[in-house]
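K.L.:
Fold the following and give me the result.
(one chain, ligands or ions: 1)
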Amino acid sequence: MAEADEVFHVDLRGVVDLLSHHLYSSPRVYLRELVQNAVDASTARREHDPSAPATVRVVPADVSADGRLHVVDAGIGLDEHGVRTALSTIGASTKRDALGMARDSYLGRFGIGLLSCFLVTDEIAVETETAGAAHAVRWRGRDDGGYTLERTTARGTPGTTVSLAPRGSAAELLRAASVLRLVATYARHLDVDLVVETADGPVRCARARFPWEEADGAPLLGRAAAWCQDVLGFAPLDVVPLADPATGLRGYAYVVPTASAARPTARVYAQRMLVTENDHDLLPPWATFVRAVVDVSGLGLTASREALRTDATLDAVRDRLGAQLRTWLLRMAATDRPRAQAFFAVHHLGAKAMAAQDDAMLDVVADVLPWETTTGTATLTEFAAQQRIITYVDTLEHFRQVATVAAAQGIPVLNAGYAYDAAIVERFVARTPGAESRRMPPEELTTHVDRLDADAEAVFLPLLDVARAVLARAEAEPIVRRFRPESLQAMLLVGDAAERDRDRRSVADLAGLADGPWGAALASLADPTAAGPAFVLNAANPSVRRLAGADPTLQRLALEALYAHALLAGGHPRTPFDSALLARALPALIDHVITGGG
Ligand SMILES: Nc1ncnc2c1ncn2[C@@H]1O[C@H](COP(=O)(O)OP(=O)(O)OP(=O)(O)O)[C@@H](O)[C@H]1O
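P.N.:
Numbering: from 1, shown residues only. So this is what the prediction gives:
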């Protein structure tokens, strides 16, 4: 059989269903599409006749005489041929040029927007007329893909009226209250006279200016902040103007007043019509400290017009906007230190995320951001100026373990326990001539405290024996050292390997497996080289010295209480053994004291 060239067949009902019910996230978009068509028709007419009115009138279903919603424009209209080729052909649009490129002056482009009306109605009626036409055209399209077309008497003025009879479930969306809300959401910034008829008379709804268009002379932050409060619901800490001439983008990035780790959101308008209130692609992911509002003409939209199209242009715009935010931050840090400090106090996480990959930002963070150290608060630059080697611990837990003792001994240790900290320290050192860094394992602190001589240690040997028995299940090794502060009776130092080992035992304890065959399997996972946690008693502390001579029962109870206290003070994760000990240690000690040890 000879090869025949055939074309696809289209199941019209399926296509209409797909493009109306499944493309859009909500039936609310029907009004946006109708207003958009009316605005485009007005724009097209004014290209030939600049004095023509740019008026769009919406008559909600509960206000009109016939119970239907009407959108009336004085736009270019369609003749019979236009109705057949544009309105009755799915995917055809008059808003593209000969090459199929969307024209910048129009909002529409795909030739499917009208179908979104089938989300709220079973039939779309259009009455339309072009300038000087002998007659008008009435078209009715049904959601099964069929339509009728007839000529009607010309009114003598061009324009189009689209009418929708509400479908039961969506009727609410065609009533005045919803229409006003939808118009305020999507269309309040459009440059047309958009009027919604209500029972109380016509309401003018558009022509709102964007905050960057306000020219009332008030300072930038004040006037932009009012808009931000009104639309986004918060008072911004600062405002960063955004502009991208290549895509006609203008906007503001508002610095949010509270710390946030979420991806930055942008409220995006395209040619003044709202696209999305929640875009996550326009700004770089590290810009967690802002929420943006932009209007753009040169970025592609998805077919539902509810999101920016992710493509190379969007990637390039994102980079350029990121550069603008970065420049703003760097300039602020260089020229207005108090403001920069206020910014960093809230947004250190976002700034650190940037600094972890950007050298200029790293310099700012090193210079401005305060870090917690055992010798007080300092910037990285200050700390490095005092210490040749930056000693740091890289978890919060480790810092809690070492902070008191290191502070008392004057050992400078930096808390690099938050996200990005350790990476920033390493990058800073790599960029700073002569600087070095060293990550300190917490158990190393025992080498910074004084050992006792054999005679002094002998006094504590019986106490250490009791401690060993008490802490056998905790597998903590009791030792005695002399260290400052004298007021600290004991500390618990858990190193990396010991931490892993504690986790393993915690699992076994919880599952009740410690003594069965699984216990042996888990035990075999233990790191044989692991130094267990060190429970360090302070020989410089008077209570500990007295405890060395106390009776064994009091020693046992007091040691349990000291261990419990060290656990809490170090903020260590607890094994079930620890929890049980924590629950009983203090009550048992109190009991013992009250009953006089009897
Ligand atoms: N109010 C109107 N006045 C004049 N022509 C209109 C009107 N509404 C629709 N049309 C014509 O019908 C065509 C199809 O409209 P439709 O809304 O389906 O698609 P579009 O606006 O071209 O693109 P998009 O799918 O992006 O909305 C338009 O291109 C336009 O030619």
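
K.L.:
what's the burial count for the nearest residue to Glu436 once chain neighbours are set aside?
P.N.:
Spatial nearest neighbour of Glu436, chain neighbours left out: Ile389 (4.6 Å); criterion: C-beta to C-beta, 6 or more residues apart in numbering. C-beta here means a position set from N, CA and C on the backbone, and glycine is covered the same way. Using other C-beta atoms under 10 Å, Ile389 is surrounded by 12 other residues.

K.L.:
So Ile389 sits against Ser437, correct?
P.N.:
Yes: between Ile389 and Ser437 there is a contact under C-beta atoms under 8 Å: 6.8 Å.

K.L.:
what pairs with Gly201 across the strands?
P.N.:
Beta bridges link Gly201 to Thr198 when assigned by DSSP bridges.

K.L.:
on that earlier part again, ok, now which ones touch the residue nearest to Glu436?
P.N.:
Glu436, Ser437, Arg438 (C-beta atoms under 8 Å, 6 or more residues apart in numbering).

K.L.:
Just these: which are in strands?
P.N.:
Members of these lying in strands (criterion: DSSP state E): Glu436, Ser437, Arg438.

K.L.:
Now the residue nearest to Glu436. Its backbone dihedrals?
P.N.:
Dihedral pair for Ile389: phi -110, psi 120, per degrees, to the nearest 10.

K.L.:
residues in contact with whatever residue of the stretch 301-450 of the chain ends up closest to the ligand?
P.N.:
Minimum separation of the stretch 301-450 of the chain from the ligand (C-beta to the nearest ligand atom) falls at Arg305, amounting to 6.3 Å. By C-beta under 8 Å, 6+ apart, Arg305 lies in contact with Val29, Arg32, Gly113, Ala270, Val275.

K.L.:
Quick one: the helices in the stretch 251-400 of the chain, in order.
P.N.:
For the stretch 251-400 of the chain, applying DSSP state H, counting those that start in this stretch gives helices covering 312-335, 337-355, 359-368, 380-386, 396-409.

K.L.:
export those to TSV and tack on mean pLDDT and distance to Asp193?
P.N.:
Converted to TSV, the helices of the stretch 251-400 of the chain look like this (pLDDT from 0 to 100; distance: least, C-beta to C-beta, whole Å):
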stretch	mean pLDDT	distance to Asp193
helix 312-335	94	32
helix 337-355	88	42
helix 359-368	88	47
helix 380-386	92	58
helix 396-409	86	59
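
K.L.:
that older thread, could you give me the ChimeraX syntax to select whichever of the ones in strands among the contacts of Ile389 are buried?
P.N.:
Applying 16 or more other C-beta atoms under 10 Å to these leaves a buried subset, and the ChimeraX line that selects it is:
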select :437
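
K.L.:
Tabulate the ones in strands among the contacts of Ile389 (CSV), appending pLDDT and distance to Ala187.
P.N.:
Output for these, formatted as CSV (pLDDT from 0 to 100; distance: C-beta to C-beta, whole Å):
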residue, pLDDT, distance to Ala187
Glu436, 93, 61
Ser437, 94, 56
Arg438, 93, 61
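
K.L.:
Close to the ligand: what parts of the protein are there?
P.N.:
33, 37-38, 41, 73, 75-78, 86-87, 93-95, 108-114, 160 (C-beta under 6 Å from any ligand atom).

K.L.:
try 8 Å this time
P.N.:
Listed as neighbours of the ligand in the chain under the rule C-beta under 8 Å from any ligand atom: 33-34, 36-38, 40-41, 44, 71, 73, 75-78, 82, 86-87, 92-96, 106-115, 126, 128, 159-160, 162, 303, 305.

K.L.:
Can you tell me which of the residues you listed end up in helices?
P.N.:
Among those, DSSP state H puts Glu33, Leu34, Gln36, Asn37, Ala38, Asp40, Ala41, Ala44, Gly82 in helices.

K.L.:
so what's the second one closest to, chain neighbours aside?
P.N.:
Right, the one you point to is Leu34. Leu34 sits nearest to Val71 (C-beta to C-beta, 6+ apart), 4.4 Å away.

K.L.:
Is it correct that the one you found is in contact with Val179?
P.N.:
No: the criterion here is C-beta under 8 Å, and Val71 misses it with Val179 at 9.7 Å.

K.L.:
joint contacts of those two?
P.N.:
Leu31, Val58.

K.L.:
Adding distance to Val480, write the contacts of Ile389 out as CSV.
P.N.:
Output for the contacts of Ile389, formatted as CSV (distance: C-beta to C-beta, whole Å):
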residue, distance to Val480
Glu436, 33
Ser437, 32
Arg438, 27
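
K.L.:
which one of those is nearest His135?
P.N.:
The closest of the contacts of Ile389 to His135 turns out to be Ser437 (C-beta to C-beta; 83.9 Å).

K.L.:
how far away is that closest one from Ala92?
P.N.:
Separation of Ser437 from Ala92 (C-beta to C-beta, to the nearest Å): 65 Å.

K.L.:
related to what we said a few turns ago, partners of the residue nearest to Leu34 in the sheet?
P.N.:
For Val71, the beta-bridge assignment (DSSP bridges) gives partners Val58, Val162.

K.L.:
quick one: it from Met354, how far?
P.N.:
Taken as C-beta to C-beta, the span from Val71 to Met354 is 47 Å.

K.L.:
For the residue of the stretch 151-300 of the chain found nearest the ligand, list the residues it contacts.
P.N.:
Of all residues in the stretch 151-300 of the chain, Thr160 sits closest to the ligand, at 3.8 Å by C-beta to the nearest ligand atom. Contacts of Thr160 were listed using C-beta under 8 Å, 6+ apart, and they are Asn37, Ala38, Ala41, Val72, Asp73, Gly75, Gly77, Leu78, Val126, Glu127, Thr128, Glu129.

K.L.:
Could you take these and lay them out as CSV, with extra columns for neighbour count?
P.N.:
Shown next, in CSV, are those (neighbours: other C-beta atoms under 10 Å):
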residue, neighbour count
Asn37, 24
Ala38, 28
Ala41, 25
Val72, 19
Asp73, 28
Gly75, 26
Gly77, 24
Leu78, 24
Val126, 23
Glu127, 19
Thr128, 26
Glu129, 24
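
K.L.:
Glu172: which of the ones in helices among the residues of the chain next to the ligand is nearest?
P.N.:
Checking these against Glu172 by C-beta to C-beta gives Leu34 as the nearest, at 16.7 Å.

K.L.:
Just say helix, strand or coil for the closest residue to the ligand within the stretch 451-598 of the chain.
P.N.:
At 56.1 Å from the ligand, Pro573 is the closest residue in the stretch 451-598 of the chain, using C-beta to the nearest ligand atom. Assigned by DSSP: H, G, I helix; E, B strand; the rest coil, the conformation of Pro573 is coil.

K.L.:
any idea how far stretch 274-290 is from the chain center?
P.N.:
Centroid separation for stretch 274-290 versus its chain: 8 Å, with C-alpha atoms, centre = their mean, to the nearest Å.

K.L.:
now swap in stretch 105-118 and tell me
P.N.:
31 Å.

K.L.:
and for it, what are the contacting residues?
P.N.:
In contact with stretch 105-118 (C-beta under 8 Å, 6+ apart) are residues 16, 19-21, 23-24, 27, 29-30, 33-34, 36-37, 39-40, 43-44, 47, 86-87, 89-93, 95-96, 102, 124, 141, 143, 162, 164, 270-271, 273, 303, 305.

K.L.:
mind listing what the residue positioned nearest the centre of the chain touches?
P.N.:
Note on the chain: the residue nearest the mean C-alpha position is Ala262, at 1.7 Å, using C-alpha atoms, centre = their mean. By C-beta under 8 Å, 6+ apart, Ala262 lies in contact with Thr288.

K.L.:
what about 10 Å?
P.N.:
Remark: with contacts taken as C-beta atoms under 10 Å, 6 or more residues apart in numbering, Ala262 is in contact with Val256, His280, Pro285, Thr288, Arg291.
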